[in-house]
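Asker: when you get a sec, could you give me coordinates for this:
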Amino acid sequence: MPNRRNVLFIGIGLAGIAVMPGLAFGQQLEIYTTSEGVAINGYDPVAYFLAGDSVAGSRDFSLDWRGAKWLFSSQENRDLFEAGPEDYAPQYGGYCAFAVAYGSTASTDPAAWSIHKGKLYLNFSLGVRERWRQDPDKFIELADANWPGVLE
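Answerer: Sure thing, here's the model as predicted:
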């Protein structure tokens, strides 16, 4: 599985964005995970909404969903996610939303996040997040048109 050490850098409009290499036959996973199969680098997706911050999850409160292991900071957050994972999971499988807008995939930094219109978006870095926040509606429109085709 891809991890942060396995990145290729591209320069066409995305200087500084890392593109994840494909897996067998050029395919990537629907959910971006660490090499251990953990989503969001082990951060709690529900905490972005409830705590307004990136909060590390615990293996004590985990759940398998869409081929990835999701970690939570509490049983309550785990239960909320289980009841409505689409309400809390990051858009574009947790890949960098800005990269998806440009037809690529990239790893993400759990601290580089935004909630826009009730949805969680992750970015490659804080710098990329600042670019994303300049016009999120435009980037979401582009990313929606590219997703999930960028995984092929």
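
Asker: now the strands for the protein?
Answerer: Secondary structure of the chain, counting by DSSP state E: strands at 8-9, 18-19, 58-65, 68-72, 109-116, 119-123.

Asker: to Asp44, which of the ones you listed lies closest?
Answerer: Closest to Asp44 of those, according to C-beta to C-beta: strand 68-72, at 4.7 Å. (C-beta placed from N, C-alpha, C; glycine too.)

Asker: could you pull up the mean pLDDT of the closest one?
Answerer: When pLDDT is averaged along strand 68-72, the result is 98.

Asker: residue nearest the centroid of the protein?
Answerer: For the chain, Gly94 is the residue whose C-alpha lies nearest the centre (C-alpha atoms, centre = their mean; 1.6 Å).

Asker: OK, contacts around that one?
Answerer: 31-33, 39-40, 108, 122 (C-beta atoms under 8 Å, 6 or more residues apart in numbering).

Asker: can you count the residues close to the spatially closest residue to it that is not a sequence neighbour?
Answerer: Closest residue to Gly94 apart from its sequence neighbours, by C-beta to C-beta, 6 or more residues apart in numbering: Tyr32 at 4.2 Å. Neighbourhood size, Tyr32 [other C-beta atoms under 10 Å]: 25.

Asker: verify the contact between Tyr32 and Asp109 for me.
Answerer: No: if you go by C-beta atoms under 8 Å, Tyr32 and Asp109 don't touch, sitting 11.6 Å apart.

Asker: got a pLDDT number for the residue nearest to Gly94?
Answerer: At Tyr32, pLDDT is 95.

Asker: for it, give its distance to Leu120.
Answerer: 13 Å (C-beta to C-beta, to the nearest Å).

Asker: ok, back up a step: quick one: which of the contacts of Gly94 has the most company?
Answerer: Highest neighbour count within the contacts of Gly94: Leu122, with 32 neighbours (other C-beta under 10 Å).
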